[in-house]
Structure formats: C-alpha cells, structure tokens
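**Q** Just the structure for this:
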Amino acid sequence: MSLTPNQHPIVLAIDMMGGDFGLDTTLPACRDFCGHHPNAQLRLVGDEAAIKAHPNAAALLALPQVHIIHAPEVVTMDDPLEVALRRKKNSSMRIAINQVKDAQAQAAVSAGNTGALMAIAQFVLKTLDGIERPAIASMLPNAMGTGTTVLDLGANVDCSAEHLQQFGLMGSAFVSATMSHSHASKPRVGLLNIGHEDIKGNKVVKLAAPLLKASPIHFIGNVEGSDIFKGTVDVVVCDGFVGNVLLKTTEGFSGLVRNRLNHSFKSTLWRKLGALFALPALNAFKSEFDSRKFNGAALLGLRGVVIKSHGGADAVAFGYALQRAHDAVAHDMLNKTSLMLAQLHAQQD
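**A** Numbering: from 1, shown residues only. Model (predicted):
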C-alpha cells in the first residue's frame, strides 16, 4: 500500500513496547486516539502475543482500523546504540520506522530510548535534501497557553551557523503543520542568545543570525530564555547542548511546582484550608501548565515523520504524542519543510 501525505486515512505506526510502561500506556492511549479519529489507522508494532493477552487490548483490537505488526524484540532504555541499531533489527522501534520507510505508514511514534530512536530513524529514513543533521524539537509551556517549540534539544551538541539556520526552517515548518493558534501560519522564529542585541552571543550565534534573517521564515532576531515562557516567540533555535540543559531545567522546575502544590494538601490544617479555597485556581494552573499537553518531540529533518514521546509518559501524555504525529501528517509537514529548503537554495543560487 503506497501512501502520500494528503491521502486518507492517515496511518500511524506505534512502537507499543517502548518507554517505561510499555503496553500499560500505549494500549489505552491508542484506544482513546481511535475514539477521536475513527478514520485513522493504527499499526501496533510489538510482541503480538503480549498485546493480545493484555487486559486493555480487547476493545482496541476489535476496531477495524487497528492492526498488529509482530516485532519479537524490544529496545530497552539502557541498550547501547550499537545493540539497538545493529543487533535488534526486529525490535518494535525499528519495525515501526521501517513501516514509514516502506510507505506502509506515514508516521512512527515511540516512547523508547531517545538516542536509539534518533540513530535508527536517521539510518533507516535518511535526511531531507539540504539538511545536514536532524534535530529534536519539542514544545515548552508558555504564558499564552500555546507552547513554544525549541530545537535542538540534544541531538547535536556542537552546531555550526548553517545548522542553526536549518533548525529554524524545520521548526517553522513543524509549528505551521501542528499548531492552530494565530501565529501558526507564519511562526515567529527567534535565536536563543544572552541578550536581544546583535552584538551579543558567541561566534556561531552571531554568524547564524544573518543566515536566519535571509531565510524564508519570520525571523524576529535574538531572544532570551524568558521569551520562551512569555510566549513572545513560537520557535526558538539553539544548539543541542544549550537546548538539553534548558529542557532538563524546565522539567525539574515543573516537578518542583507540582510537589509544592501537592504538599499544600498534606501539611498543617491551615495550609489545607487555604489550599481548599484556592483549589479552583490551583486546578486551572495545573491544567494550563500540564506538561502532558506538550508531550511529543519531533525528530525533524528526516524523510519521514517520527515523534518521540517521553519515556515516562502516561496514557494521556502518549495520546498527545499520537495527536502530534497525526497533525504533522495531516498538514503536510515534510512537504512544507522541503519547500522552505527549496526557497532557501533558490535565494542562495
């Protein structure tokens, strides 16, 4: 079956075994996703016997748009890249990505080992013309409630100015394809720096700014870390070292906030009473900044759509990753990226 991005139904290949919780997370997430997308098709890639025997499987497997693709091996969170890439060629992660390569699915979703997923995806799918290095892009919460997409988040520790320019193109296409807010049609792209002024930054950042300005994107210039959370920008470009530190810091702070909120209900009587009166506001805050809504990092720059879910995601969070993959396909992210790259090459010529 040969598929094109605009052809329906959209078919997703799901690594059912990856992540910290495997089938306990992926099965209920897939069932809920099908309830919202009855025309989509899901290829459940994993141990067929284990999937069929799971207590959450019966209702999902009864749906006509759901099919199992048997994969006898699993890439664990601790597997070295060599093992995942060379020795486990029949893993659920590898076969899910092969489904995209062979045009049996239009996107693959996995909560497995990030390094292994990137290595396998790049090896199997290859990169788009004009892209030297794929990047990991994900959304961080902001005050506007729309989320700010940041890349790279760890795939490329050392980057050239040209790499940062390519990240800007890929990030702009990703937001345009997966978001629906007022700026989504022409996302605002910023370059992460220690200040807004052109004279600030290291050599690579200073070289990247004019390249991004000359690109077929809406580049607004340098931005600071605070701009990410204010929502004044839609896409933030940085190298993988800075991006990964930013991501881990944000996750740590989010965990601290959740723990403090929970502690309010477990301390003294007065704190409990105060928390009770503040409950509506606290619940609204937790909902708005619920990190599960931003789950689903995209591996950009590949000849196929691959979405990485957080390894510790629950069913709700994994469902958002599935939605991210569906939207990327439905709104033709790959073609948008290729068109931007073609425009850039035409300008350079």
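
**Q** any idea which residue sits dead centre in the protein?
**A** Nearest to the mean C-alpha position of the chain, counting by CA atoms, centre = their mean, stands A297 at 1.3 Å.

**Q** residue contacts, the nearest residue to that residue once chain neighbours are set aside?
**A** In space, A297 comes closest to S138 once its chain neighbours are excluded; the distance is 3.7 Å by CB to CB, 6 or more residues apart in numbering. To be clear about C-beta, it is placed using only N, CA and C from the backbone, and glycine gets the same treatment. Contact analysis of S138 by CB atoms under 8 Å, 6 or more residues apart in numbering lists 149-151, 153, 247, 294, 296-298.

**Q** Repeat that for G19.
**A** 25-26, 77, 110-112, 309-313, 318.

**Q** same thing but 7 Å
**A** 25, 111-112, 309, 311, 313 (CB atoms under 7 Å, 6 or more residues apart in numbering).

**Q** give me the low-pLDDT residue ranges for the stretch 101-250 of the chain?
**A** 180-182 (pLDDT under 70).

**Q** mind redoing it with 80?
**A** Low-confidence segments of the stretch 101-250 of the chain (pLDDT under 80): 145, 178-185, 250.

**Q** Show the residue spans covered by the helices in it.
**A** Assigned by DSSP state H, counting those that start in this stretch, the helices in the stretch 101-250 of the chain fall at 114-125, 161-178, 203-213, 225-230, 240-263.

**Q** Go through these and pick out the most buried.
**A** Mean neighbours per residue, mean count of other CB atoms under 10 Å, is largest over the helices of the stretch 101-250 of the chain for helix 161-178, with a mean of 26.

**Q** what's the offset of that one from the middle of its chain?
**A** Taking CA atoms, centre = their mean, to the nearest Å, one finds helix 161-178 lying 13 Å from the centre of the chain it belongs to.

**Q** which residues are contacting that helix?
**A** 131-133, 135, 137, 149, 151-152, 156, 184-185, 187, 189, 191, 204, 207-208, 211-212, 215, 217, 219, 234-235, 237, 298, 300-301, 324, 327-328, 331-333, 336-337, 340-341, 344.

**Q** What ranges does the stretch 51-200 of the chain have for its strands?
**A** 66-70, 107-110, 135-140, 148-151, 188-192 (DSSP state E, counting those that start in this stretch).

**Q** With only the CA atoms kept, save the third one in CSV.
**A** Taking C-alpha atoms only, strand 135-140 is exported to CSV below (Å, rounded to 0.1, in the frame of the first residue of the first chain):
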residue,chain,number,x,y,z
ALA,A,135,17.2,17.9,15.3
ILE,A,136,14.9,17.1,18.2
ALA,A,137,12.1,19.7,18.6
SER,A,138,9.5,19.9,21.4
MET,A,139,7.2,22.4,23.0
LEU,A,140,7.7,24.0,26.4
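
**Q** ok, M340 - contacts?
**A** M340 touches 169, 172-173, 216-217, counting by CB under 7 Å, 6+ apart.

**Q** got it, and A317?
**A** 292, 295, 309-310 are the contacts of A317 under CB under 7 Å, 6+ apart.

**Q** Which of the residues you listed ranks first by neighbour count?
**A** S309 (29 neighbours; other CB atoms under 10 Å).
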